[in-house]
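Asks: Here is the input, now give the coordinates:
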Amino acid sequence: MRELGCPRMTIDADEVVRIEPALNGVRAQLVGGDFTASDESGDVHQFTTQLAGKGEAAGIRFHYNTTATRLLHEAGQVNAVEVIDAEGRHQLLHADAFVVALGSFSTALLAPLGVKLSIYPGKGYSATYPIINPTQAPMVSLTDDGHKLVFSRLGARLRVAGTCELNGYTRDLNPVRCEAITRRVRELFPDACDYNRASYWAGLRPLTPSNFPYIGKTRFPNLFLNTGHGTLGWTMACGSGRALAGLISGVRPEPSFAFSANAA
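Replies: All right, here's what the predicted structure looks like:
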């Protein structure tokens with residue numbers, strides 16, 4: 001990872017607690033950890049909201065609460081996408097180029113065109129807790145490899161995300177999984193949060209067998225993909241968008257990548 005520009009250090013338990021004092025209560029359970037000083041976490045809702053605002057200021061038009069129902073094509077080119085808007089009206093949106101970035105739902109839109117993607121939804125959970133003792137809650141982004149959980153301090157809230165449930169496209173919350181997350185967080189930081197006021201959420205990760213996303217063109221020269229990022233959607237978002245913008249413009253991305261650029 002150092003060779004790729006991500007300096008990661010393996011540290012002992014004492015150093016773990018020095019970097020994140022909130023772990024002092026479980027010091028006896030720690031053997032060590034990996035630490036990357038440049039690692040960051042944040043609030044993805046706030047990020048995307050502010051990004052959309054910048055996009056609108058630059059002239060981008062967003063169609064919210066709109067469902068894409070099918071892609072229309074003629075003479076080997078996609079010429080429109082049929083949508084149902086927030087008022088229930090059917091419309092055709094025309095463009096020079098189209099990008100499908102629908103995560104786990106990309107396969108359904110593309111299948112009628114004969115574009116096959118190996119994507120399956122993996123439901124991930126998050127739990128958000130109000131912090132009542134700031135010094136007892138972690139400040140550093142933490143990953144609990146044993147329980148597959150990631151901890152992020154968001155101001156006066158602690159957000160914990162993880163697990164993977166293969167259960168189709170339902171986003172219904174499984175109380176057993178929710179309780180398991182809270183139980184683990186309480187074990188690590190018993191006095192940090194008000195665990196009776198937990199807020200749970202579930203989303204679908206677009207998983208691929210190779211763990212590589214689909215970025216690039218399809219057999220339709222003006223139809224492009226940016227989907228299948230699995231658990232790394234936000235991590236790869238800006239880089240993927242930049243790479244795809246280059247591909248659409250005929251510019252080879254830097255660095256070169258071995259993503260699944262061409263779908264069947």
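Asks: From here on, just use CA atoms for contacts and neighbour counts.
Replies: Fine.
Asks: neighbouring contacts of the strand ranked longest in the chain?
Replies: Longest strand of the chain, by residue count under DSSP state E: strand 120-130. Here strand 120-130 makes contact (Cα atoms under 8 Å, 6 or more residues apart in numbering) with 104, 156-169, 171, 178, 181-182, 193-195, 197-208, 230.
Asks: So which of those sit within strands?
Replies: Counting by DSSP E, the contacts of strand 120-130 contribute 157-165, 199-207 to strands.
Asks: from the middle of its chain, how far away would stretch 98-110 be?
Replies: 15 Å (Cα atoms, centre = their mean, to the nearest Å).
Asks: er, stretch 161-176 actually
Replies: For stretch 161-176, the distance to the chain centre is 15 Å (Cα atoms, centre = their mean).
Asks: what mean pLDDT does it have?
Replies: Averaged across stretch 161-176, pLDDT comes to 95.
Asks: Then stretch 110-126?
Replies: 97.
Asks: Return the set of buried residues in it.
Replies: 110, 115-126 (16 or more other Cα atoms under 10 Å).
Asks: quick one: which of those is nearest Ala75?
Replies: In terms of Cα to Cα, no member of these lies closer to Ala75 than Val115, at 16.0 Å.
Asks: So the closest one is in contact with Thr218, correct?
Replies: Yes: under the criterion of Cα atoms under 8 Å, Val115 makes contact with Thr218 at 7.3 Å.
Asks: Glu254 in helix, strand or coil?
Replies: Classification of Glu254 using DSSP: H, G, I helix; E, B strand; the rest coil returns coil.
Asks: In the protein, where is pLDDT below threshold?
Replies: Along the chain, the parts satisfying pLDDT under 70 run over 255-264.
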